[in-house]
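Enquirer: Prediction below, plus the sequence it came from.
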Amino acid sequence: MSAAPYRRPWSLRALVDDLRTGRTTPAAAYERARARIAETEPDLRAWVELSDRPGPGAIPLGVKDIIDVAGLPTRCGSVLRADSPAATADAAVVSAWRRAGAAPIGKTVTTEFAFFSPGPTRNPAAPGHTPGGSSSGSAAAVAAGQVPLAIGSQTAGSVTRPAAYCGVASLVMTHGRFSTDGVTGLAGSLDAHGFYAATASDLAVAWSALTGEPDPATQFSTPLRLLVWTADPLGVVSDEMAAAVEALRERAVRIGAQADAFPQEQLIAEVTAAHPVIMAYEAARERAEEAADPDRLSRPLTDLLRIGATTSDADYRAALALVARARTEVGRVFSEYHAVLGPAVPGAAPAGLAATGDPVLSRAWQALGVPALALPGARDARGLPLGLQLLGAHGREGDLLTVGTRLEGTRP
């Protein structure tokens, strides 16, 4: 199947500038988004439903369909929610984005209850390859230039992986940074909010609007202090991905950064193994009602819920204890460095739409609850995106975005 005529990603920073200077209006931005969706959506299939009345905000916003938007149903990619009524109120995070100036214009495709069973969305950067999961609709909508901003959620790798596969930027927030009220979750100690834009600079302007913090793209100019995480103990990183990480490390050094080896590679591998234990145990309890109707669930989700239901309390507590110890040790590392640089995914998006790829390189960091920034730009020999990631200290998203905007400004 040939690729649709997707547009380049829509620059949020440029749109904000145009709105500020009067070169465009909120109504014109909304109509531009609707026109772009109409042009490409029959092929892309990133949306579940569009709103006729997005509200007074100026920035067209896509919302993952596990997150409530007043006036629209929340179907969670599941037949069990096919007849859900419209939500009567926004999720807390949607309310926060509205206050920041965003206007939700519709619900984007999610995998079934934000797990592994794929939705219909295609990857605009690599047609015929998975767009990732579970926030695939949001990532694809940004990558195809339909909207400049979209939100998702991450429990394992559901924001970072689609960004890496589709060739856009994303930020996963510190766990607990915003309330999850109005969100259909999967594992409470792991679920976190995230959002997509074309570049780290675009994420930075969105973060400033959302939080009221100074624009991270304009902040500190001291030499960067980075750690480089190879993920070698996990044995999953492709040669091309490893080369992309090394190339960005070299560019960082050329602009004066300090770049040292990450000292806790084995510990991160151990936390990676603990994450699925926590996720399955909590999901089996969070989604117990759905587990009672297994014939209407996908095989991946029924397997997860079955495994979680048979995971012992002792194994769950041991996994939590390991994560708590690692959080302390990694926190000491973050106190001395601005960010950890590493691969976001093992390699480029796998071919086919029957699976969503492997979240293995996000699992540990999600268990630790730290913010994660996916950086686009690298490509493999076929021209497919190779997303890298930056990890930061708890509550230091602004610093992470500052690092990201400085690194994306370097060139090979």
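Expert: Right, received. Where do you want to start?
Enquirer: Worst mean pLDDT across the helices and strands of the protein, which element?
Expert: helix 288-291 (a mean of 92; mean pLDDT, DSSP states H and E).
Enquirer: buried sites along that helix?
Expert: Residues of helix 288-291 classed as buried: Glu290, Ala291 (neighbour count, 16 or more other Cβ atoms under 10 Å). Where you see a C-beta, it was placed from the backbone N, CA and C, and this is true even at glycine.
Enquirer: now stretch 238-256
Expert: So stretch 238-256, judged by 16+ other Cβ under 10 Å, has buried residues Glu240, Met241, Ala242, Ala244, Val245, Ala247, Leu248, Arg249, Arg251, Ala252.
Enquirer: Name the nearest residue to the first one, sequence neighbours excluded.
Expert: Take Glu240 and drop its neighbours on the chain: the residue closest to it by Cβ to Cβ, 6 or more residues apart in numbering is Asp380, 4.6 Å away.
Enquirer: Tell me who's in contact with the residue nearest the centre of the chain.
Expert: Among the residues of the chain, the one closest to the centroid is Val159, at 1.8 Å (Cα atoms, centre = their mean). When contacts are counted by Cβ atoms under 8 Å, 6 or more residues apart in numbering, Val159 touches Ser135, Ala139, Gly152, Ser153, Ser170, Leu171, Val172, Gly194, Phe195, Tyr196, Ala372, Ala374.
Enquirer: re earlier: how about the buried residues of stretch 238-256 in TSV, adding pLDDT?
Expert: Compiled in TSV, the buried residues of stretch 238-256 are given as follows (pLDDT from 0 to 100):
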residue	pLDDT
Glu240	98
Met241	98
Ala242	98
Ala244	98
Val245	98
Ala247	97
Leu248	98
Arg249	98
Arg251	97
Ala252	97
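Enquirer: just those residues now: which is nearest Arg285?
Expert: Met241 (35.2 Å; Cβ to Cβ).
Enquirer: Mind pulling up the pLDDT for Arg53?
Expert: pLDDT, Arg53: 79.
Enquirer: The nearest residue to it once chain neighbours are set aside: how many residues sit nearby?
Expert: Spatially, and ignoring its direct neighbours in sequence, Arg53 is nearest to Gly71 (7.4 Å; Cβ to Cβ, 6+ apart). Neighbourhood size, Gly71 [other Cβ atoms under 10 Å]: 17.
Enquirer: Per-residue confidence, Gly71, what does it come out as?
Expert: Value for Gly71, per-residue pLDDT: 96.
Enquirer: and what of Ala3?
Expert: 48.
Enquirer: how about TSV for the buried residues of stretch 238-256, with distance to Ala364 and secondary structure added?
Expert: TSV is the format used below for these (distance: Cβ to Cβ, whole Å; DSSP: H, G, I helix; E, B strand; the rest coil):
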residue	distance to Ala364	secondary structure
Glu240	22	helix
Met241	17	helix
Ala242	18	helix
Ala244	20	helix
Val245	16	helix
Ala247	23	helix
Leu248	20	helix
Arg249	20	helix
Arg251	25	helix
Ala252	22	helix
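Enquirer: follow-up on the earlier one: would you mind stating the distance between the residue nearest to Glu240 and Leu12?
Expert: 27 Å (Cβ to Cβ, to the nearest Å).
Enquirer: Settle it for me: which of those two has more neighbours?
Expert: More neighbours surround Leu12 than the other of Asp380 and Leu12, with 27 against 18 (other Cβ under 10 Å).
Enquirer: List the contacts of the more buried one.
Expert: Contacts of Leu12 (Cβ under 8 Å, 6+ apart): Ile59, Pro148, Leu149, Ala197, Ala198, Asp202, Val205, Ala206.
Enquirer: ok, and for stretch 369-381, which residues are buried?
Expert: Gly369, Val370, Pro371, Ala372, Leu373, Ala374, Leu375, Pro376, Gly377, Ala378, Asp380.
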